[in-house]
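Visitor: 3D, please:
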Amino acid sequence: MAENQEDPKPVTPENHFGKNVGRKAKRKIQAKKEKNPPTWFWLGMFGLVGWSVAVPTLIGVALGIWIDATWPSKVSWTLNLLIVGIIIGCLNAWYWVKQESRRNGD
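Guide: Residues are numbered from 1 along each chain as shown. Sure, this is the predicted structure:
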C-alpha cells in the first residue's frame, strides 16, 4: 500500500525543522546523483547576469547624455542616471540569479 504523501500533522516548529532537514538531505542526494551542468549553462548564466547589468546602465547613460545636452544644468544627469542604471541592473541580476536558484531547489 502506497503511503500518503501529505502530512496530516499540524505545523509545529519541530515538524517544520524536520521537513527542512528532509528537503535538504533529498537535495544533497539528488545533487550527488546529477552531474555538473554543462559549461554552456554557466556561460549562459554569466551572459544573462552581464546583460542584466549592462543594458540598464547603458540606457541610463544614454538618457543622461541626452538630458545633459538638451537641458544644461549644474547637475550631471549622465552620472546620476549611470548610478541608477547600475542599481537597477544589479537588482535585475539578483532577481535572475534568485529565479535560477529557486529552479534548482535552493
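
Visitor: make it CA atoms for all contacts and neighbour counts henceforth
Guide: Will do.

Visitor: I'd like to know how many residues surround the nearest residue to residue 77 once chain neighbours are set aside.
Guide: Distances taken as CA to CA, 6 or more residues apart in numbering place residue 64 nearest to residue 77, at 4.6 Å, with adjacent residues excluded. Look at residue 64: counted by other CA atoms under 10 Å, it has 19 neighbours.

Visitor: Is residue 64 in a helix, a strand, or coil?
Guide: The three-state label given to residue 64 by DSSP: H, G, I helix; E, B strand; the rest coil is helix.

Visitor: Spit out the contact partners of it.
Guide: 76-82 (CA atoms under 8 Å, 6 or more residues apart in numbering).

Visitor: switch to 10 Å and redo it
Guide: 58, 70, 76-82 (CA atoms under 10 Å, 6 or more residues apart in numbering).

Visitor: now for those, which pair is the farthest apart?
Guide: 58 and 70 (18.1 Å; CA to CA).

Visitor: for this protein, where's the lowest mean pLDDT among helices and strands?
Guide: Every helix and strand in the chain was compared by mean pLDDT, DSSP states H and E; the lowest is helix 13-33, with a mean of 82.

Visitor: which of the residues in it are buried?
Guide: With burial defined by 16 or more other CA atoms under 10 Å, not one residue of helix 13-33 is counted as buried.

Visitor: still on that earlier bit, which residue of residue 58 and residue 70 possesses the greater neighbour count?
Guide: More crowded of residue 58 and residue 70, by other CA under 10 Å: residue 58, with 16 against 9.

Visitor: what about the strands in this protein?
Guide: Taking DSSP state E, the chain contains no strands at all.

Visitor: hang on, the earlier thing: now list the buried members of the contacts of residue 64.
Guide: For the contacts of residue 64, buried by 16+ other CA under 10 Å: 58, 77-78, 81-82.

Visitor: What ranges does this structure have for its helices?
Guide: 13-33, 39-70, 77-103 (DSSP state H).

Visitor: Roughly how far does residue 97 sit from residue 50?
Guide: Counting by CA to CA, to the nearest Å, the gap from residue 97 to residue 50 is 11 Å.
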